[in-house]
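[1] Structure for this input, please:
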Amino acid sequence: MKNIALSVVLLLALAGCSDEEAEAPADIAAGKSIAETRCIGCHGLDGAGKAAGIPNLGAQVEEYLLASLHAYEEGVRTHAALKNLAHELDSTDFRNVAGYYASLPPVQDTEKGSEIQSPYDKGKAAAAACVDCHGEDGNSTTPGIPSLAGQQPLYFVSAVRAYRDGRREKPTMEMLGALDAVDLESLALYYASQTPAMRKAPTVGDPVAGEPLTARCGGCHGANGVSTDTATPTLAGQDPQYLVAAIKGYRNQSRHNDVMRDNNSDKEIEDIAAFYASQSSKAAEGGPETVQELAEKCDRCHGPEVDNPAMVIPKISGQDRVYLIMSLRAYRDNRRASSMMHNMSLPYSETIIESIASLYASQPAR
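    You can find the predicted model right below:
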(Lines give C-alpha, C1' and ligand atoms only; values in the text may rest on other atoms or scores of the structure.)
Protein backbone atom coordinates (compact mmCIF):
# COMPACT_ATOMS: atom_id res chain seq x y z
CA MET A 1 0.00 0.00 0.00
CA LYS A 2 3.04 2.26 -0.24
CA ASN A 3 2.63 5.40 -2.33
CA ILE A 4 -0.95 4.62 -3.00
CA ALA A 5 -1.73 6.36 -6.24
CA LEU A 6 -4.30 3.89 -7.41
CA SER A 7 -4.11 2.91 -11.08
CA VAL A 8 -7.32 1.05 -11.66
CA VAL A 9 -6.89 0.12 -15.32
CA LEU A 10 -9.92 -2.05 -14.64
CA LEU A 11 -10.93 -4.76 -17.05
CA LEU A 12 -7.81 -4.46 -19.24
CA ALA A 13 -8.46 -6.38 -22.42
CA LEU A 14 -7.04 -9.71 -23.31
CA ALA A 15 -6.21 -9.67 -26.98
CA GLY A 16 -7.52 -12.44 -29.17
CA CYS A 17 -9.03 -10.85 -32.25
CA SER A 18 -7.53 -11.45 -35.67
CA ASP A 19 -6.89 -8.55 -38.05
CA GLU A 20 -9.59 -9.89 -40.36
CA GLU A 21 -12.10 -10.00 -37.50
CA ALA A 22 -11.21 -6.50 -36.33
CA GLU A 23 -11.87 -5.11 -39.83
CA ALA A 24 -15.30 -6.74 -40.21
CA PRO A 25 -18.03 -4.23 -39.30
CA ALA A 26 -20.66 -5.25 -36.82
CA ASP A 27 -24.21 -5.98 -37.93
CA ILE A 28 -26.10 -4.01 -35.29
CA ALA A 29 -29.47 -5.57 -36.09
CA ALA A 30 -28.03 -9.08 -35.83
CA GLY A 31 -26.35 -8.12 -32.59
CA LYS A 32 -29.63 -6.84 -31.17
CA SER A 33 -31.27 -10.15 -32.08
CA ILE A 34 -28.60 -12.04 -30.10
CA ALA A 35 -29.02 -9.67 -27.17
CA GLU A 36 -32.80 -10.22 -27.19
CA THR A 37 -32.43 -13.98 -26.87
CA ARG A 38 -29.16 -14.48 -24.99
CA CYS A 39 -28.15 -11.37 -23.01
CA ILE A 40 -31.32 -9.57 -22.01
CA GLY A 41 -31.75 -11.39 -18.69
CA CYS A 42 -28.58 -9.90 -17.22
CA HIS A 43 -27.73 -6.86 -19.34
CA GLY A 44 -31.08 -5.84 -20.80
CA LEU A 45 -31.58 -4.42 -24.28
CA ASP A 46 -30.36 -1.06 -23.04
CA GLY A 47 -27.08 -2.48 -21.73
CA ALA A 48 -27.90 -1.80 -18.07
CA GLY A 49 -26.85 -4.50 -15.59
CA LYS A 50 -29.94 -5.96 -13.96
CA ALA A 51 -28.39 -6.44 -10.51
CA ALA A 52 -25.40 -5.40 -8.44
CA GLY A 53 -22.26 -7.02 -9.76
CA ILE A 54 -23.50 -7.15 -13.37
CA PRO A 55 -21.69 -4.61 -15.57
CA ASN A 56 -23.34 -1.98 -17.72
CA LEU A 57 -22.53 -2.59 -21.38
CA GLY A 58 -24.17 0.40 -23.05
CA ALA A 59 -21.62 2.54 -24.93
CA GLN A 60 -18.76 0.31 -23.80
CA VAL A 61 -15.71 0.10 -26.07
CA GLU A 62 -16.51 -2.41 -28.82
CA GLU A 63 -13.02 -3.89 -29.00
CA TYR A 64 -13.01 -4.37 -25.26
CA LEU A 65 -16.35 -6.22 -25.31
CA LEU A 66 -15.08 -8.39 -28.16
CA ALA A 67 -11.85 -9.20 -26.34
CA SER A 68 -13.82 -10.05 -23.17
CA LEU A 69 -15.96 -12.57 -25.04
CA HIS A 70 -12.82 -14.23 -26.40
CA ALA A 71 -11.40 -14.32 -22.87
CA TYR A 72 -14.47 -16.23 -21.64
CA GLU A 73 -14.26 -18.52 -24.66
CA GLU A 74 -10.61 -19.31 -23.91
CA GLY A 75 -11.18 -19.76 -20.17
CA VAL A 76 -9.00 -16.79 -19.26
CA ARG A 77 -12.01 -15.31 -17.50
CA THR A 78 -14.29 -17.54 -15.49
CA HIS A 79 -18.07 -17.21 -15.46
CA ALA A 80 -20.14 -20.32 -16.11
CA ALA A 81 -22.94 -18.68 -18.09
CA LEU A 82 -20.63 -16.50 -20.18
CA LYS A 83 -18.26 -19.37 -20.83
CA ASN A 84 -21.14 -21.47 -22.19
CA LEU A 85 -22.46 -18.55 -24.22
CA ALA A 86 -19.04 -17.84 -25.70
CA HIS A 87 -18.78 -21.45 -26.89
CA GLU A 88 -22.24 -21.31 -28.47
CA LEU A 89 -21.53 -18.17 -30.52
CA ASP A 90 -19.11 -17.79 -33.39
CA SER A 91 -16.73 -14.93 -34.14
CA THR A 92 -19.32 -13.11 -36.26
CA ASP A 93 -21.82 -13.30 -33.39
CA PHE A 94 -19.17 -11.93 -31.04
CA ARG A 95 -18.56 -8.94 -33.30
CA ASN A 96 -22.27 -8.26 -33.82
CA VAL A 97 -23.36 -8.39 -30.18
CA ALA A 98 -20.33 -6.36 -29.08
CA GLY A 99 -21.11 -3.80 -31.77
CA TYR A 100 -24.76 -3.62 -30.70
CA TYR A 101 -24.02 -2.85 -27.06
CA ALA A 102 -21.24 -0.43 -28.01
CA SER A 103 -23.72 1.46 -30.22
CA LEU A 104 -26.10 2.16 -27.33
CA PRO A 105 -26.10 5.36 -25.28
CA PRO A 106 -24.32 5.28 -21.90
CA VAL A 107 -26.26 3.88 -18.95
CA GLN A 108 -26.86 6.74 -16.51
CA ASP A 109 -27.65 5.45 -13.04
CA THR A 110 -25.58 3.99 -10.18
CA GLU A 111 -24.49 6.18 -7.27
CA LYS A 112 -24.87 9.79 -8.35
CA GLY A 113 -24.57 12.24 -5.48
CA SER A 114 -23.29 9.71 -2.95
CA GLU A 115 -20.48 10.81 -0.66
CA ILE A 116 -17.07 9.41 -1.55
CA GLN A 117 -14.81 9.21 1.49
CA SER A 118 -11.08 8.68 1.55
CA PRO A 119 -9.98 5.55 3.45
CA TYR A 120 -8.07 7.91 5.73
CA ASP A 121 -11.21 9.92 6.46
CA LYS A 122 -13.08 6.72 7.27
CA GLY A 123 -10.24 5.63 9.53
CA LYS A 124 -10.12 8.93 11.37
CA ALA A 125 -13.85 8.68 12.09
CA ALA A 126 -13.44 5.11 13.39
CA ALA A 127 -10.47 6.18 15.54
CA ALA A 128 -12.72 8.39 17.66
CA ALA A 129 -13.60 5.32 19.73
CA CYS A 130 -9.89 4.66 20.44
CA VAL A 131 -8.85 8.12 21.65
CA ASP A 132 -9.41 7.58 25.38
CA CYS A 133 -6.83 4.78 25.51
CA HIS A 134 -4.53 5.28 22.54
CA GLY A 135 -4.43 9.07 22.28
CA GLU A 136 -5.84 11.62 19.86
CA ASP A 137 -3.53 10.62 17.01
CA GLY A 138 -2.52 7.17 18.21
CA ASN A 139 0.29 8.37 20.48
CA SER A 140 -0.51 6.79 23.82
CA THR A 141 0.52 8.53 27.02
CA THR A 142 -0.89 5.85 29.32
CA PRO A 143 1.70 3.36 30.65
CA GLY A 144 0.98 -0.15 29.38
CA ILE A 145 -1.19 1.04 26.48
CA PRO A 146 0.49 0.74 23.07
CA SER A 147 0.88 3.61 20.67
CA LEU A 148 -0.73 3.05 17.28
CA ALA A 149 0.71 6.04 15.41
CA GLY A 150 2.92 4.99 12.51
CA GLN A 151 2.22 1.29 13.00
CA GLN A 152 2.40 -1.03 10.03
CA PRO A 153 -1.13 -1.48 8.63
CA LEU A 154 -1.22 -5.22 7.91
CA TYR A 155 0.18 -5.93 11.36
CA PHE A 156 -2.46 -3.64 12.88
CA VAL A 157 -5.23 -5.55 11.09
CA SER A 158 -3.86 -8.95 12.17
CA ALA A 159 -3.51 -7.77 15.79
CA VAL A 160 -7.09 -6.52 15.92
CA ARG A 161 -8.32 -9.80 14.46
CA ALA A 162 -6.38 -11.64 17.17
CA TYR A 163 -8.28 -9.68 19.83
CA ARG A 164 -11.58 -10.36 18.09
CA ASP A 165 -11.12 -14.10 17.78
CA GLY A 166 -9.71 -14.57 21.28
CA ARG A 167 -6.07 -15.27 20.43
CA ARG A 168 -5.30 -12.13 22.41
CA GLU A 169 -7.31 -11.29 25.49
CA LYS A 170 -8.28 -7.73 26.39
CA PRO A 171 -11.86 -6.99 27.52
CA THR A 172 -11.71 -3.34 26.46
CA MET A 173 -11.01 -4.40 22.87
CA GLU A 174 -14.47 -5.95 22.47
CA MET A 175 -15.64 -2.73 20.77
CA LEU A 176 -13.67 -3.78 17.70
CA GLY A 177 -16.20 -6.50 16.96
CA ALA A 178 -18.44 -3.95 15.25
CA LEU A 179 -15.84 -3.08 12.62
CA ASP A 180 -16.18 -4.68 9.21
CA ALA A 181 -13.19 -5.36 6.94
CA VAL A 182 -13.36 -1.96 5.25
CA ASP A 183 -13.63 -0.08 8.56
CA LEU A 184 -10.73 -2.03 10.02
CA GLU A 185 -8.44 -1.45 7.06
CA SER A 186 -9.38 2.24 7.02
CA LEU A 187 -8.47 2.48 10.69
CA ALA A 188 -5.15 0.76 9.99
CA LEU A 189 -4.31 3.20 7.19
CA TYR A 190 -5.22 6.19 9.33
CA TYR A 191 -2.95 5.15 12.20
CA ALA A 192 -0.18 4.12 9.81
CA SER A 193 -0.14 7.68 8.44
CA GLN A 194 0.18 9.37 11.84
CA THR A 195 3.58 10.60 13.08
CA PRO A 196 4.90 8.76 16.15
CA ALA A 197 5.96 11.01 19.03
CA MET A 198 9.41 10.71 20.59
CA ARG A 199 9.25 9.23 24.10
CA LYS A 200 11.06 10.35 27.21
CA ALA A 201 13.83 8.09 28.48
CA PRO A 202 12.28 5.01 30.14
CA THR A 203 12.54 4.81 33.93
CA VAL A 204 12.92 1.02 33.86
CA GLY A 205 15.55 -0.88 31.89
CA ASP A 206 18.89 0.08 30.36
CA PRO A 207 18.72 1.05 26.65
CA VAL A 208 22.50 0.65 26.24
CA ALA A 209 22.41 -2.87 27.64
CA GLY A 210 19.33 -3.65 25.56
CA GLU A 211 20.80 -2.72 22.19
CA PRO A 212 23.02 -5.82 21.67
CA LEU A 213 20.13 -8.01 22.83
CA THR A 214 18.07 -6.82 19.84
CA ALA A 215 20.41 -8.24 17.21
CA ARG A 216 18.05 -11.14 16.58
CA CYS A 217 15.02 -8.84 16.46
CA GLY A 218 16.39 -6.56 13.74
CA GLY A 219 15.96 -9.13 10.98
CA CYS A 220 12.19 -8.79 11.24
CA HIS A 221 11.54 -5.49 13.01
CA GLY A 222 14.11 -3.41 11.13
CA ALA A 223 17.00 -1.23 12.18
CA ASN A 224 16.36 0.25 15.62
CA GLY A 225 12.87 -1.24 15.54
CA VAL A 226 11.53 0.64 12.52
CA SER A 227 9.84 -2.04 10.43
CA THR A 228 9.79 -1.90 6.63
CA ASP A 229 7.40 -4.85 6.32
CA THR A 230 3.70 -4.00 6.43
CA ALA A 231 2.93 -7.23 8.32
CA THR A 232 5.67 -6.81 10.97
CA PRO A 233 5.19 -4.29 13.79
CA THR A 234 7.40 -1.29 14.37
CA LEU A 235 8.79 -1.33 17.92
CA ALA A 236 10.61 2.01 17.91
CA GLY A 237 9.01 4.59 20.18
CA GLN A 238 6.57 2.07 21.62
CA ASP A 239 5.39 2.17 25.24
CA PRO A 240 8.00 0.24 27.28
CA GLN A 241 5.53 -1.35 29.69
CA TYR A 242 3.53 -2.66 26.74
CA LEU A 243 6.67 -4.06 25.13
CA VAL A 244 7.68 -5.82 28.35
CA ALA A 245 4.22 -7.38 28.70
CA ALA A 246 4.15 -8.44 25.04
CA ILE A 247 7.62 -10.04 25.09
CA LYS A 248 6.83 -11.89 28.31
CA GLY A 249 3.57 -13.01 26.75
CA TYR A 250 5.47 -14.71 23.93
CA ARG A 251 7.91 -16.21 26.42
CA ASN A 252 5.16 -17.77 28.56
CA GLN A 253 3.04 -18.59 25.47
CA SER A 254 0.02 -16.51 26.42
CA ARG A 255 0.78 -15.01 23.02
CA HIS A 256 1.53 -17.50 20.27
CA ASN A 257 4.33 -17.02 17.76
CA ASP A 258 7.13 -19.59 17.57
CA VAL A 259 9.55 -17.03 16.11
CA MET A 260 9.01 -14.74 19.09
CA ARG A 261 9.49 -17.43 21.74
CA ASP A 262 12.71 -16.81 23.70
CA ASN A 263 14.19 -17.33 27.15
CA ASN A 264 15.35 -13.82 27.97
CA SER A 265 15.36 -12.97 31.65
CA ASP A 266 13.04 -10.32 33.04
CA LYS A 267 15.99 -7.90 33.25
CA GLU A 268 16.95 -8.54 29.62
CA ILE A 269 13.37 -8.01 28.50
CA GLU A 270 13.23 -4.69 30.34
CA ASP A 271 16.49 -3.62 28.70
CA ILE A 272 15.22 -4.58 25.23
CA ALA A 273 12.00 -2.65 25.83
CA ALA A 274 13.94 0.36 27.07
CA PHE A 275 16.10 0.37 23.95
CA TYR A 276 13.19 0.22 21.53
CA ALA A 277 11.09 2.74 23.49
CA SER A 278 13.92 5.28 23.27
CA GLN A 279 14.28 5.03 19.46
CA SER A 280 12.69 7.50 17.06
CA SER A 281 10.08 6.15 14.67
CA LYS A 282 8.22 7.33 11.58
CA ALA A 283 4.87 6.93 9.87
CA ALA A 284 4.47 3.69 7.93
CA GLU A 285 2.35 5.41 5.27
CA GLY A 286 2.94 8.68 3.45
CA GLY A 287 -0.13 10.45 4.79
CA PRO A 288 -3.75 11.15 3.96
CA GLU A 289 -4.69 11.38 0.32
CA THR A 290 -8.07 12.09 -1.20
CA VAL A 291 -9.73 9.42 -3.30
CA GLN A 292 -9.26 11.66 -6.32
CA GLU A 293 -5.51 11.76 -5.66
CA LEU A 294 -5.43 8.01 -5.30
CA ALA A 295 -7.09 7.65 -8.69
CA GLU A 296 -4.89 10.08 -10.63
CA LYS A 297 -3.08 7.38 -12.58
CA CYS A 298 -6.32 5.65 -13.51
CA ASP A 299 -7.35 8.50 -15.75
CA ARG A 300 -4.26 8.02 -17.90
CA CYS A 301 -6.11 5.12 -19.47
CA HIS A 302 -9.71 5.56 -18.29
CA GLY A 303 -10.11 9.34 -18.09
CA PRO A 304 -12.59 11.33 -20.20
CA GLU A 305 -9.81 12.68 -22.41
CA VAL A 306 -8.94 9.12 -23.51
CA ASP A 307 -11.29 8.33 -26.39
CA ASN A 308 -9.65 5.92 -28.78
CA PRO A 309 -12.16 3.32 -30.05
CA ALA A 310 -9.30 1.09 -31.20
CA MET A 311 -7.94 0.77 -27.67
CA VAL A 312 -8.94 -2.38 -25.85
CA ILE A 313 -9.45 -0.49 -22.59
CA PRO A 314 -12.91 -0.20 -21.04
CA LYS A 315 -14.80 2.84 -19.93
CA ILE A 316 -15.36 2.66 -16.17
CA SER A 317 -17.08 5.96 -15.39
CA GLY A 318 -20.66 5.24 -14.31
CA GLN A 319 -20.00 1.50 -14.18
CA ASP A 320 -21.69 -0.69 -11.57
CA ARG A 321 -19.87 -0.22 -8.28
CA VAL A 322 -20.04 -3.83 -7.13
CA TYR A 323 -18.77 -5.03 -10.50
CA LEU A 324 -15.80 -2.68 -10.28
CA ILE A 325 -15.00 -3.97 -6.79
CA MET A 326 -15.23 -7.58 -7.95
CA SER A 327 -13.05 -6.91 -11.00
CA LEU A 328 -10.25 -5.22 -9.11
CA ARG A 329 -10.29 -7.97 -6.50
CA ALA A 330 -10.00 -10.54 -9.28
CA TYR A 331 -6.96 -8.79 -10.75
CA ARG A 332 -5.40 -8.32 -7.32
CA ASP A 333 -5.89 -11.99 -6.41
CA ASN A 334 -4.71 -13.18 -9.83
CA ARG A 335 -8.08 -14.70 -10.68
CA ARG A 336 -8.38 -12.61 -13.83
CA ALA A 337 -5.38 -12.76 -16.12
CA SER A 338 -3.46 -9.56 -16.68
CA SER A 339 0.04 -9.33 -15.27
CA MET A 340 -0.07 -5.53 -15.53
CA MET A 341 -3.30 -5.24 -13.55
CA HIS A 342 -2.19 -7.85 -11.02
CA ASN A 343 1.04 -6.02 -10.31
CA MET A 344 -0.71 -2.67 -9.97
CA SER A 345 -3.56 -3.88 -7.80
CA LEU A 346 -1.66 -6.37 -5.63
CA PRO A 347 -1.11 -3.97 -2.69
CA TYR A 348 -4.67 -2.71 -2.57
CA SER A 349 -6.83 -3.41 0.45
CA GLU A 350 -10.60 -3.70 0.53
CA THR A 351 -11.03 -0.11 1.71
CA ILE A 352 -9.02 1.34 -1.19
CA ILE A 353 -10.75 -0.87 -3.74
CA GLU A 354 -14.16 0.15 -2.39
CA SER A 355 -13.33 3.86 -2.37
CA ILE A 356 -12.03 3.91 -5.93
CA ALA A 357 -14.94 1.81 -7.21
CA SER A 358 -17.36 4.23 -5.54
CA LEU A 359 -15.58 7.19 -7.13
CA TYR A 360 -15.89 5.83 -10.67
CA ALA A 361 -19.41 4.52 -10.17
CA SER A 362 -20.49 8.00 -9.08
CA GLN A 363 -19.20 9.66 -12.26
CA PRO A 364 -21.43 10.25 -15.30
CA ALA A 365 -21.22 7.43 -17.80
CA ARG A 366 -19.83 8.44 -21.17
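
[2] all helices of the stretch 201-350 of the chain, in order?
    207-213, 218-221, 240-251, 266-277, 291-294, 299-302, 321-332, 339-345, 350-361 (DSSP state H, counting those that start in this stretch).

[3] Buried residues of the first one, list them for me.
    Of the residues in helix 207-213, those buried by neighbour count under the rule 16 or more other CB atoms under 10 Å are Pro207, Gly210, Glu211. No exception for glycine: its C-beta is placed from N, CA and C like everyone else's.

[4] Please apply the same query to the fifth one.
    Going by neighbour count (16+ other CB under 10 Å), the buried part of helix 291-294 is Val291, Leu294.

[5] how far away is the nearest residue to Glu63 once chain neighbours are set aside from Leu179?
    With CB to CB, 6 or more residues apart in numbering as the criterion, Glu63 has its nearest non-adjacent residue at 4.8 Å, and that residue is Val312. Separation of Val312 from Leu179 (CB to CB, to the nearest Å): 40 Å.

[6] Which one's more surrounded, the two?
    Between Val312 and Leu179, Val312 has the larger neighbour count (other CB atoms under 10 Å), namely 20 against 16.

[7] any idea how far Tyr64 is from that one?
    Remark: distance between Val312 and Tyr64 (CB to CB) = 5 Å.

[8] now Val244
    For Val244, the distance to Tyr64 - CB to CB - is 58 Å.

[9] ditto for Gln151
    Using CB to CB, we find Gln151 at a distance of 41 Å from Tyr64.

[10] Could you check which of these two is surrounded by more residues?
    Taking neighbours as other CB under 10 Å, Gln151 and Tyr64 compare with Gln151 leading, 26 against 21.

[11] so where does the more buried one fall, helix or strand?
    Using DSSP states H and E, Gln151 sits in no helix or strand.

[12] got it, and the one 3 residues further on?
    Using DSSP H and E, Leu154 sits in helix 153-164.

[13] buried ones in that helix?
    Pro153, Leu154, Tyr155, Phe156, Val157, Ala159, Val160, Ala162, Tyr163.

[14] could you check the angle helix 153-164 makes with whichever helix or strand comes after it?
    Next along the chain after helix 153-164, taking DSSP H and E as the criterion, comes helix 181-192. Helix 181-192 runs at 120 degrees relative to helix 153-164, counting by axes from the mean of the first three to the mean of the last three CA atoms, to 10 degrees.

[15] what comes up buried for helix 181-192?
    Buried residues in helix 181-192 (16+ other CB under 10 Å): Val182, Asp183, Leu184, Glu185, Ser186, Leu187, Ala188, Leu189, Tyr190, Tyr191, Ala192.

[16] wouldn't the third one be in contact with Leu154 here?
    Pointing back at Leu184 there. No. Counting by CB atoms under 8 Å, Leu184 does not reach Leu154; the two are 11.1 Å apart.

[17] tell me the contacts of the residue lying closest to Pro288 once chain neighbours are set aside?
    Nearest non-adjacent residue to Pro288, counting by CB to CB, 6+ apart: Tyr120, 3.9 Å away. Shown in contact with Tyr120 (CB atoms under 8 Å, 6 or more residues apart in numbering): Ser186, Leu189, Tyr190, Ser193, Pro288, Glu289.

[18] so the host helix or strand of Tyr120 versus helix 350-361, what angle?
    Using DSSP H and E, Tyr120 maps to helix 119-126. Put simply, helix 119-126 runs at 120 degrees to helix 350-361, going by the same axes, to 10 degrees.

[19] and the gap between the closest residue to Pro153 other than its chain neighbours and Tyr155?
    Leaving aside its sequence neighbours, Pro153 sits nearest to Ala188 (CB to CB, 6+ apart; 3.9 Å). Counting by CB to CB, the separation of Ala188 from Tyr155 is 8 Å.

[20] Can I get the contacts of Tyr120 in JSON lines including distance to Ser254 and pLDDT?
    What follows is those, written out as JSON lines (distance: CB to CB, whole Å; pLDDT from 0 to 100):
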{"residue": "Ser186", "distance to Ser254": "30", "pLDDT": "91"}
{"residue": "Leu189", "distance to Ser254": "29", "pLDDT": "91"}
{"residue": "Tyr190", "distance to Ser254": "29", "pLDDT": "93"}
{"residue": "Ser193", "distance to Ser254": "31", "pLDDT": "93"}
{"residue": "Pro288", "distance to Ser254": "36", "pLDDT": "72"}
{"residue": "Glu289", "distance to Ser254": "39", "pLDDT": "71"}
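
[21] Which of those sits closest to Asp299?
    Glu289 (15.1 Å; CB to CB).

[22] Look up phi and psi at that closest one.
    Per-residue torsions, Glu289: phi -130, psi 150 (degrees, to the nearest 10).

[23] shouldn't it be in contact with Ser118?
    Yes. With contact defined as CB under 8 Å, Glu289 reaches Ser118; the gap is 6.6 Å.

[24] now what about stretch 79-94, what contacts it?
    Stretch 79-94 has contacts (CB under 8 Å, 6+ apart) with 21, 24, 27, 30, 34, 38, 42, 66, 69-70, 72-73, 75, 97.

[25] Quick check: which element contains Gln117?
    Short version, using DSSP H and E: Gln117 is in no helix or strand.

[26] re earlier: as JSON lines, the buried residues of helix 181-192 with distance to Leu104 would be great.
    Formatted as JSON lines, the buried residues of helix 181-192 follow (distance: CB to CB, whole Å):
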{"residue": "Val182", "distance to Leu104": "33"}
{"residue": "Asp183", "distance to Leu104": "38"}
{"residue": "Leu184", "distance to Leu104": "40"}
{"residue": "Glu185", "distance to Leu104": "37"}
{"residue": "Ser186", "distance to Leu104": "37"}
{"residue": "Leu187", "distance to Leu104": "42"}
{"residue": "Ala188", "distance to Leu104": "42"}
{"residue": "Leu189", "distance to Leu104": "39"}
{"residue": "Tyr190", "distance to Leu104": "42"}
{"residue": "Tyr191", "distance to Leu104": "46"}
{"residue": "Ala192", "distance to Leu104": "44"}
